[in-house]
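> this is a predicted model, with the sequence first.
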Amino acid sequence: MISVSSRSRVVALHVSFWSVYFSFYTYQFGQEFPRRQVVVGLLAAMALNAALAYFNYLYLLPRVLRNRRVGEYLALLAVPYAATVALRVVADRHLLALGGSWRYVHSAAHTWSVAVGVLFMGVFIAMLYFATHWFALEARTRALENDNLATELRYLKAQLNPHFLFNTLNNLYYLAYTRSSHTPEVVATLAQMMRYMLEEANRPAVALSREIDYLTSYIELEKLRLNNPVPITFTVAGEPTGRLVAPLIFMAFLENAFKHGVSTTCAGAWVRIHFDLTTAECCFTVANSKLPAAAPAPGPAGTGLPNVRRRLALSYPGRHELRVEDLPDEYRIHLRLTL
């Protein structure tokens with residue numbers, strides 16, 4: 001269905017076309033015939049042309065598109081088309097047959113010219129019909145695609161939250177199992193992070209400063225779990241205030257850095273996180289040491305990185321660059337976002 005605003009634009013387009021048509025031929029024939037005679041002749045011609053064109057526009061074209069019967073459409077159009085051409089010729093002979101023009105308006109050349117002109121008008125108005133409905137279809141298609149993308153994005157976010165919660169509860173279980181004195185602190189930090197996830201992470205965009213605070217809280221949780229034996233650096237170059245980003249877009253990279261690059265039993269493990277903020281871009285780098293090769297854990301593969309790649313494609317189409325470097329002694333991820 002075409003919206004009210006779109007329908008108004010369509011009406012304005014049709015009125016503009018007929019206004020240009022009337023002005024052009026009034027000027028052209030006004031050089032040869034009296035102005036009153038030209039106006040009356042053009043109004044008669046426009047009335048006949050418009051009757052055929054809008055009979056086709058409002059009745060025949062919707063019918064042929066609905067029934068897909070081209071032969072029936074041509075048969076239904078032939079009679080009113082021939083009648084319109086005949087009436088146009090008769091009208092011209094009565095209204096324009098003055099002086100030297102009498103011979104022309106009674107000639108076959110004039111009849112042929114009228115037939116071509118009527119056909120042109122009908123085809124042009126028909127093209128407006130197809131163009132109008134094509135644009136309406138495109139608008140509906142884009143709206144449906146946007147709805148589907150929004151639904152998929154919500155689904156990906158819903159996947160991310162349990163993924164984070166599962167990892168953090170594992171950490172909490174470890175601290176409780178070892179009867180760590182930091183367990184209450186971990187519970188308090190986790191509650192603060194869950195509040196952020198519930199209240200702000202479902203928005204299309206959040207303040208970058210809040211996202212950095214969220215990452216900082218996660219790092220603090222990891223430090224408590226590790227009891228601070230691993231060098232972890234987190235730096236921010238630039239001012240995050242006033243910038244917006246998709247929520248939790250950096251989290252999966254940070255989780256993977258601690259999951260695959262940090263162990264209390266491996267000497268030399270480390271993690272480095274850095275934000276480089278410029279006027280229009282946010283560059284995020286996560287690097288971590290590589291642990292000795294271990295057998296993969298049983299169970300399904302993680303969803304973190306595939307999830308965040310898809311979220312980047314949906315939230316920053318054509319405005320992001322993700323580069324993964326798997327080096328001999330470290331694993332590094334560079335993410336550049338155009339804000």
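That came in fine, so what should we check first?

> looking at the protein, which helix or strand does the model trust least?
helix 101-105 (a mean of 66; mean pLDDT, DSSP states H and E).

> check which helices and strands the helix or strand containing H334 is in contact with.
Using DSSP states H and E, the secondary-structure element containing H334 is strand 330-338. Other elements packing on strand 330-338 under the criterion 3 or more Cβ pairs under 8 Å, 6 or more residues apart in numbering; DSSP states H and E are helix 251-261, strand 281-289, strand 320-326. C-betas here are computed from N, CA, C, even on glycine.

> go again with 10 Å.
helix 251-261, strand 271-277, strand 281-289, helix 304-315, strand 320-326 (3 or more Cβ pairs under 10 Å, 6 or more residues apart in numbering; DSSP states H and E).

> quick one, which of the ones you listed is nearest to F24?
Closest approach to F24 among the helices and strands packed on strand 330-338 is made by helix 304-315 (49.6 Å; Cβ to Cβ).

> got the CA coordinates for that closest one in PDB?
Once non-C-alpha atoms are left out, helix 304-315 reads as follows in PDB (Å, rounded to 0.1, in the frame of the first residue of the first chain):
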ATOM      1  CA  GLY A 304      31.800 -15.400  20.600                       C
ATOM      2  CA  LEU A 305      33.800 -14.400  17.500                       C
ATOM      3  CA  PRO A 306      31.300 -15.500  14.800                       C
ATOM      4  CA  ASN A 307      28.700 -13.600  16.800                       C
ATOM      5  CA  VAL A 308      30.600 -10.400  17.000                       C
ATOM      6  CA  ARG A 309      31.700 -10.600  13.300                       C
ATOM      7  CA  ARG A 310      28.000 -10.800  12.300                       C
ATOM      8  CA  ARG A 311      27.100  -7.900  14.700                       C
ATOM      9  CA  LEU A 312      29.800  -5.800  13.200                       C
ATOM     10  CA  ALA A 313      28.400  -6.500   9.700                       C
ATOM     11  CA  LEU A 314      25.000  -5.400  10.900                       C
ATOM     12  CA  SER A 315      25.900  -2.400  13.100                       C
END
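
> state the mean pLDDT of that helix.
Confidence over helix 304-315, taken as the mean pLDDT, stands at 78.

> just after the helix or strand in which L43 is found, pick out the following helix or strand.
Mapping L43 onto the secondary structure by DSSP H and E places it in helix 35-55. Using DSSP H and E, the helix or strand that follows helix 35-55 towards the C-terminus is helix 61-67.

> need the next SSE after that following helix, C-terminal direction.
Past helix 61-67, further along toward the C-terminus, the next helix or strand under DSSP H and E is helix 70-95.

> buried ones in that next one?
Of the residues in helix 70-95, those with enough neighbours to count as buried (16 or more other Cβ atoms under 10 Å) are 73, 76-77, 81, 84-85, 87-89, 91-92, 95.

> and if you look at stretch 271-288?
Those buried within stretch 271-288 under the rule 16+ other Cβ under 10 Å are 271-273, 275, 277, 282-288.

> now stretch 207-222
In terms of neighbour count (16+ other Cβ under 10 Å), stretch 207-222 has its buried residues at 207-208, 210-212, 214-215, 218-222.

> can you redo these as CSV with secondary structure and pLDDT?
Compiled in CSV, the buried residues of stretch 207-222 are given as follows (DSSP: H, G, I helix; E, B strand; the rest coil; pLDDT from 0 to 100):
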residue, secondary structure, pLDDT
A207, strand, 91
L208, helix, 92
R210, helix, 90
E211, helix, 90
I212, helix, 93
Y214, helix, 89
L215, helix, 91
Y218, helix, 86
I219, helix, 88
E220, helix, 84
L221, helix, 79
E222, helix, 81
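
> follow-up on the earlier one: ranking the helices and strands packed on strand 330-338 by mean pLDDT, which is last?
Ranked by mean pLDDT, the helices and strands packed on strand 330-338 bottom out at helix 304-315, with a mean of 78.

> and that helix, what does it pack against?
Where contact means 3+ Cβ pairs under 10 Å, 6+ apart, helix 304-315 is packed against helix 108-177, helix 251-261, strand 320-326, strand 330-338.

> let's see it at 8 Å
helix 108-177, helix 251-261, strand 320-326.

> circling back: so the helix holding L43 versus helix 70-95, what angle?
Helix 35-55 and helix 70-95 are oriented at 170 degrees to each other (axes from the mean of the first three to the mean of the last three Cα atoms, to 10 degrees).

> circling back: now, among the buried residues of stretch 207-222, which is nearest to M194?
Proximity of the buried residues of stretch 207-222 to M194 (Cβ to Cβ) peaks at Y214, which lies at 10.7 Å.

> what's the closest non-adjacent residue to the closest one?
Y196 (5.4 Å; Cβ to Cβ, 6 or more residues apart in numbering).

> can you confirm the one you found is in a helix?
Yes - assignment of Y196 by DSSP: H, G, I helix; E, B strand; the rest coil places it within a helix.

> so where's the stretch 151-300 of the chain uncertain?
Regions of the stretch 151-300 of the chain meeting the criterion pLDDT under 70 cover residues 151-165, 167-168, 171, 201-202, 227-228, 264-265, 293-300.

> ok, back up a step: and of the helices and strands packed on strand 330-338, who's closest to N170?
Nearest to N170 among these is helix 251-261; the distance by Cβ to Cβ comes to 9.7 Å.
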